[in-house]
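> I'll drop the sequence and a predicted model, then ask my questions.
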Amino acid sequence: MKQYEPPFVTLTLSDGTTIKLATKRDRFDRVFIDTSVLFSQYGVCAYDVGLQSTAICQSAITFINGEKGTLLYRGYPIEQLAEQHDFTDVSYLLLYGERPTGKEKEQFTEKIRHNSAIQSELHLFLNSFQHDAHPMSMLLANVAALSSFYQQDFDINQPEQRKLAAVQLIAKIPTLAAMAYQHSLGRSPTPPQDEMGYAENFLHMLHNVPGKQYTPHPLFVKALDTILTLHADHEQNASTSSVRAVASTGSNPFACVCAGLAALWGPAHGGANEACLKMLQAIGDESHIDTYIKRAKNPDDPFRLMGFGHRVYKYYDPRAKIMQKICHDVLKVLGNQNDPLFKLANSLEKIALEDDYFVERKLYPNVDFYSGIVLKALGIPANMFTVIFAIARTTGWMAHWLEMMDSSYRINRPRQIYLGFPQRDIT
Ligand code: ACO
């Protein structure tokens, strides 16, 4: 990136007007031009479809260097966190800024446990869904319904109440997610278990059948826990910026999380893992890879290689490497090292990474290229993949929401380039 001398850059409009814009630098000395005064002082606007070059806030939570493939949570590299910490530590770190001490972790875990049960009215509400409803629609509706229990007494201006709301959401989202899955199978929900950790508890609530106790393999628990850590936050992505946009109006945190869930659901974001597995199944055999690569490269074909490419990473997504290893380890435990989908994914990755189209556009596998295979191996069906992502990302959404509520912010109100009719009269 080019360097500019602070504190100003000068913008000259075509009529000769000179505008001095202040610059800011981030922790890694990247330069940001403050364009916020453009309209109020000069009557012109910045135009940036998809917010590709626009910072929407200042944040101290997560840092990504997409050129180098670096991801830091509160300064710590994702590789170190995934190896040395569990998702509960990572949640604490994202929410409060530092890794927990033993005592802090104990108290945080206890708070999560204490808040993980779901109001009985929500069980009735869930029963009104058809069994083939997508679990994301059930989760979204249930989180919205959850807000009805907290709206009246909740005061967004009280920091302690905000912290409690964040814990409530992180605690309840796996329970709601597992309930949605059990409902889709026509089974009654399994309640959360006090003695289990976050990931283990979720797997238990997901797969347990009354009278037939489900005990997950420790490596499966570790695999799911790492998946949650890898998906916990990713700075101002589509869903987090949606949460912030809704939060800017003063909405309650449950409604903000609904915005995040809705944004996450799309195949260009959190729906990619489900879409990627479906794509691998559709390719079916290594002999078909060339056909799909050709389709992905054809500008007239809407098909894209799912799990490939990223708005920010123009190098290997560091999470994809960790995910590939988890995939290998889980399949080994299952005695399934030669899993055809894993082999197919490895071959597809190799071929794409040697193809000029992908090389020139810097398209690498992202976190979701391998996550679907791992989740499938854990016995989780494809329509639950985005739900698992949502469980993890709720922590990130809440960290950003808390940070935003603690800072000064303004309601999000972008501008547009109007190209419709000029004023006309109804005759
Ligand atoms: N397959 C084929 N071509 C691709 C792909 C892909 N997966 N991704 C990008 N391209 C091409 C585009 O067609 C475009 O080509 P062009 O320059 O000839 O027009 C070029 O690469 C740049 O792509 P953009 O769409 O401008 O990139 P953008 O940053 O807007 O999109 C995105 C990023 C949405 C992730 C995109 O790469 C994609 O759709 N990937 C597949 C879906 C996916 O895996 N999403 C998960 C993202 S990670 C996450 O949310 C956890």
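Arrived safely. Numbering: from 1, shown residues only.

> List the contacts of the residue in the stretch 101-250 of the chain that the ligand sits nearest to.
Per C-beta to the nearest ligand atom, N237 is where the stretch 101-250 of the chain lies closest to the ligand, at 6.4 Å. The C-beta positions use only the backbone N, C-alpha and C, and glycine is treated the same way. The contact partners of N237, taken as C-beta atoms under 8 Å, 6 or more residues apart in numbering, are 269, 311.

> now F154
Counting by C-beta under 8 Å, 6+ apart, F154 has contacts 161, 165, 252.

> What of Y292?
Counting by C-beta under 8 Å, 6+ apart, Y292 makes contact with 279, 283, 303, 305, 348.

> Just to be sure, it is in a helix?
Yes: using DSSP: H, G, I helix; E, B strand; the rest coil, the assignment for Y292 is a helix.

> Which single residue in the stretch 301-427 of the chain comes nearest to the ligand?
The nearest approach of the stretch 301-427 of the chain to the ligand comes at G309, 2.4 Å away (C-beta to the nearest ligand atom).

> For that residue, which non-adjacent residue is closest in space?
Leaving aside its chain neighbours, G309 sits nearest to L363 (4.3 Å; criterion: C-beta to C-beta, 6 or more residues apart in numbering).

> shouldn't that neighbour be in contact with L305?
Yes: judged on C-beta atoms under 8 Å, L363 makes contact with L305 at a distance of 7.5 Å.

> Touching both of those two, which residues are there?
In terms of C-beta under 8 Å, 6+ apart, L363 and L305 are both contacted by the residues A352.

> Would you mark the buried spots in stretch 300-318?
Residues of stretch 300-318 classed as buried: 304-310, 312-314, 316-318 (neighbour count, 16 or more other C-beta atoms under 10 Å).

> For those residues, give me TSV that also has distance to F342 and pLDDT.
As requested, the buried residues of stretch 300-318 are exported to TSV (distance: C-beta to C-beta, whole Å; pLDDT from 0 to 100):
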residue	distance to F342	pLDDT
R304	21	94
L305	17	94
M306	16	92
G307	13	90
F308	16	91
G309	21	92
H310	21	91
V312	26	90
Y313	22	91
K314	26	89
Y316	18	86
D317	18	90
P318	20	94
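
> Just send these back as a markdown table, with secondary structure too.
Below are those laid out as a markdown table (three-state DSSP):
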| residue | secondary structure |
| --- | --- |
| R304 | coil |
| L305 | coil |
| M306 | coil |
| G307 | coil |
| F308 | strand |
| G309 | coil |
| H310 | coil |
| V312 | coil |
| Y313 | coil |
| K314 | coil |
| Y316 | coil |
| D317 | coil |
| P318 | helix |
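
> Around the residue of the stretch 51-200 of the chain at minimum distance from the ligand, count how many other residues there are.
The minimum distance from the stretch 51-200 of the chain to the ligand, using C-beta to the nearest ligand atom, falls at Q52 (7.4 Å). The tally of other residues near Q52 (other C-beta atoms under 10 Å) stands at 8.

> Check the one 3 residues further on too.
For A55, the tally of surrounding residues (other C-beta under 10 Å) stands at 16.

> tell me which parts of the stretch 301-427 of the chain are close to the ligand?
Within the stretch 301-427 of the chain, the positions near the ligand by C-beta under 6 Å from any ligand atom are 304-311, 361, 363, 366-368.

> Adding distance to L95, write these out as a markdown table.
A markdown table is the format used below for those (distance: C-beta to C-beta, whole Å):
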| residue | distance to L95 |
| --- | --- |
| R304 | 34 |
| L305 | 35 |
| M306 | 31 |
| G307 | 29 |
| F308 | 32 |
| G309 | 30 |
| H310 | 25 |
| R311 | 25 |
| R361 | 36 |
| L363 | 33 |
| N366 | 25 |
| V367 | 21 |
| D368 | 24 |
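
> Can you tell me which of those is closest to A259?
Nearest to A259 among these: R311, at 18.7 Å, using C-beta to C-beta.

> thinking A320 is in contact with Y370, fair?
Yes: look at A320 against Y370 with C-beta under 8 Å: they come within range, at 6.5 Å.

> the more surrounded of the two?
Y370 (29 against 23).

> in a strand, that's where that one is, yeah?
No: according to three-state DSSP, Y370 belongs to no strand; its state is helix.

> So what's the residue count around L353?
The number of residues packed near L353 is 14, by other C-beta under 10 Å.

> again with the one 3 residues further on
Close neighbours of D356, defined as other C-beta under 10 Å, add up to 8.

> confidence score at it?
You'll see D356 listed with a pLDDT of 95.

> What segments of this protein are strands?
Assigned by DSSP state E, the strands in the chain fall at 8-12, 18-25, 31-33, 62-65, 70-73, 76-77.

> which one of these is the most hemmed in?
Among the strands of the chain, strand 70-73 has the highest mean neighbour count (mean count of other C-beta atoms under 10 Å), at a mean of 21.

> what sits up against it?
With C-beta under 8 Å, 6+ apart, strand 70-73 has contacts from 61-64, 77-78, 81, 90, 93-94, 232-234, 318-319.

> Adjacent strands (with direction) for that strand?
Here the strand partners of strand 70-73, with direction, are listed using DSSP bridges: strand 62-65 (antiparallel), strand 76-77 (antiparallel).

> The longest one vs the ligand: in contact?
No: Strand 62-65 stays out of contact with the ligand when judged by C-beta under 6 Å from any ligand atom, the minimum separation being 11.6 Å.

> Using PDB, write out every CA atom in that strand.
Provided in PDB are the C-alpha atoms of strand 62-65 (Å, rounded to 0.1, in the frame of the first residue of the first chain):
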ATOM      1  CA  THR A  62      -9.900  -8.600  14.900                       C
ATOM      2  CA  PHE A  63      -7.300  -7.800  12.300                       C
ATOM      3  CA  ILE A  64      -6.900  -9.400   8.900                       C
ATOM      4  CA  ASN A  65      -4.000  -8.900   6.400                       C
END
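
> For the nearest residue to Y409 once chain neighbours are set aside, which residues are in contact?
Leaving aside its sequence neighbours, Y409 sits nearest to S248 (C-beta to C-beta, 6+ apart; 5.7 Å). Going by C-beta under 8 Å, 6+ apart, S248 touches 404, 409-412.

> Fine, thanks again, bye for now.
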